[in-house]
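[1] the sequence and its predicted three-dimensional model are supplied below.
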Amino acid sequence: MMREARTSLRDHRDQLMSTGLAWVRQARRFQAGINVVCVMGGAALAGVGGAMEGGLAPTSGNGLVTLKGLCVWLGVGLVFLGGVLLLLLRDEAPELLARAAALEGEAQKYLDERDGLLVRLESSATLDRKRLALIDANRTMREALEQALLVAEATPSEASNLMLQTALRFITASIGFDADEEWAISVFQVQGEGEEALLRRIAAARADRLSEQNDPRSWKRNEAYVGAAWHSARDLIIEDSSDPQVAQDYPVPQSKKRDYDTDRYRSMAAIPVRLGPEPRIWGVVAASSNRVGRFRRDPNNRQVQTVDTVRAMARMIALMAAAFERSEG
C-alpha cells in the first residue's frame, strides 16, 4: 500500500513535469516567432520607413499616409503588438513547477511520517505477541512442573526437560528467534562439591533438534560463559562474542573448544539459578544464538524481552529445584 502511494505520487509528479516542460517549450517557440516577426520585423520596417525621404503624411491629395508613413506606423504597430503578446505569454511555468515540487515534498514528508507510524504500530503489535508468548511460557512451564511433581520417581533433569520441551514454542516466540536462526537453550546444574564441582547440562533444546543428543560439555567454575555466570553469581549477557575482549575475559580451555563455537555462540545470555536466602547457585540457564545482538544489555529499553525471557526461565527452574529439594528433605 505504501509503495503504491509513493509510485502514484511519482507518476503524478512526472506527468506534471512533462506537461509543464512541454508548455514551456511551446511558449518559447511562440516567443521566438514573436521576436522575429513582430519585434525585429517591425523595428526593421520602421527603420526602413524612417530612412525614406519625405514626410509621414502627404502634403496634398486625399491620402492619409505616405509609403514612408505606412512603413513607420506599420513597423511601430508590429513592435507594440509583439510586446503585448510577449507580456501575455510571460513564462510562469518555472514558478508553477517549483510550487508543484514543493507540494510533492510535503506529500512525501506525510508518507514518511505515515510509514514511521505504521512501523511503530507493527513493532508494538510484535512486542505484544512476544509478551503474550512469555506469559504462556511461564504458565506452561508451571503446569509441566506440577505434572512432574506428581511422579515420585521424577528427577530434576526429567522435570527440566519436560518444562523446557512443553513450553519451547512459547519460549522461542517470546525471544523472537527467526526460522533460519541457529539457537540453543540449556539448563545446567551444579553437581559435586568443592574443587570437583561441575556445571552439567541436564536439559537442552536446539534449532537443530537432532544435535540435542550430542555429548554435552561440563564446565568448571569460571570456565567460558556459563562458568563465569556461576562464579560471579550475576547475569552474563554477551552481545557479540567476536569482540576480542570477550574471548579474553571468558576463556575456554583448549580441550573444550569446538570449531563451531565462534559462529554458533555469537550472542549469549547466561542467568544463574539462585536458591535460598544466601543465595546459593543451583545452576545456570543459558540461551545462545548465531545472531549478533540477539541478547544485549539495555535496561532502559522495556521493549527488549530476550534476556527477560531467559530470566523468567531461570526463576521457573529455581522453583522446580526448590520443590525437589523440599521433597527430598
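    It's in.
[2] the helices in the stretch 151-300 of the chain, which residues?
    Counting by DSSP state H, counting those that start in this stretch, the segments of the stretch 151-300 of the chain that form helices are 156-166, 168-175, 224-232, 244-249, 261-264.
[3] now the ones you listed as JSON lines including mean pLDDT, distance to residue 290 and mean neighbour count?
    To be clear about C-beta, it is placed using only N, CA and C from the backbone, and glycine gets the same treatment. Converted to JSON lines, the helices of the stretch 151-300 of the chain look like this (pLDDT from 0 to 100; distance: least, C-beta to C-beta, whole Å; neighbours: other C-beta atoms under 10 Å):
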{"stretch": "helix 156-166", "mean pLDDT": "95", "distance to residue 290": "20", "mean neighbour count": "20"}
{"stretch": "helix 168-175", "mean pLDDT": "93", "distance to residue 290": "13", "mean neighbour count": "21"}
{"stretch": "helix 224-232", "mean pLDDT": "94", "distance to residue 290": "15", "mean neighbour count": "22"}
{"stretch": "helix 244-249", "mean pLDDT": "88", "distance to residue 290": "15", "mean neighbour count": "10"}
{"stretch": "helix 261-264", "mean pLDDT": "88", "distance to residue 290": "6", "mean neighbour count": "14"}
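[4] which among those is found nearest to residue 312?
    Counting by C-beta to C-beta, residue 312 lies closest to helix 168-175 out of these; the figure is 8.2 Å.
[5] now the closest one against helix 156-166, angle please.
    For helix 168-175 against helix 156-166, the angle by axes from the mean of the first three to the mean of the last three C-alpha atoms, to 10 degrees is 70 degrees.
[6] which strands or helices does helix 168-175 pack on?
    helix 93-149, strand 183-191, helix 306-328 (3 or more C-beta pairs under 8 Å, 6 or more residues apart in numbering; DSSP states H and E).
[7] lowest average pLDDT across these?
    Within those, confidence is poorest for helix 93-149, with a mean of 73 (mean pLDDT).
[8] hmm, back to that, any chance of the helices of the stretch 151-300 of the chain in JSON lines, plus distance to residue 207?
    As requested, the helices of the stretch 151-300 of the chain are exported to JSON lines (distance: least, C-beta to C-beta, whole Å):
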{"stretch": "helix 156-166", "distance to residue 207": "14"}
{"stretch": "helix 168-175", "distance to residue 207": "9"}
{"stretch": "helix 224-232", "distance to residue 207": "18"}
{"stretch": "helix 244-249", "distance to residue 207": "22"}
{"stretch": "helix 261-264", "distance to residue 207": "10"}
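[9] those helices: which one's closest to residue 146?
    Closest among the helices of the stretch 151-300 of the chain, once you apply C-beta to C-beta, is helix 156-166, at 10.1 Å.
[10] mind giving me the packing neighbours of the closest one?
    With 3+ C-beta pairs under 8 Å, 6+ apart as the test, helix 156-166 has helix 93-149, strand 183-191, strand 198-206, helix 306-328 packed against it.
[11] closest one to residue 81 among the helices of the stretch 151-300 of the chain?
    Nearest to residue 81 among the helices of the stretch 151-300 of the chain is helix 168-175 (80.6 Å), distances taken as C-beta to C-beta.
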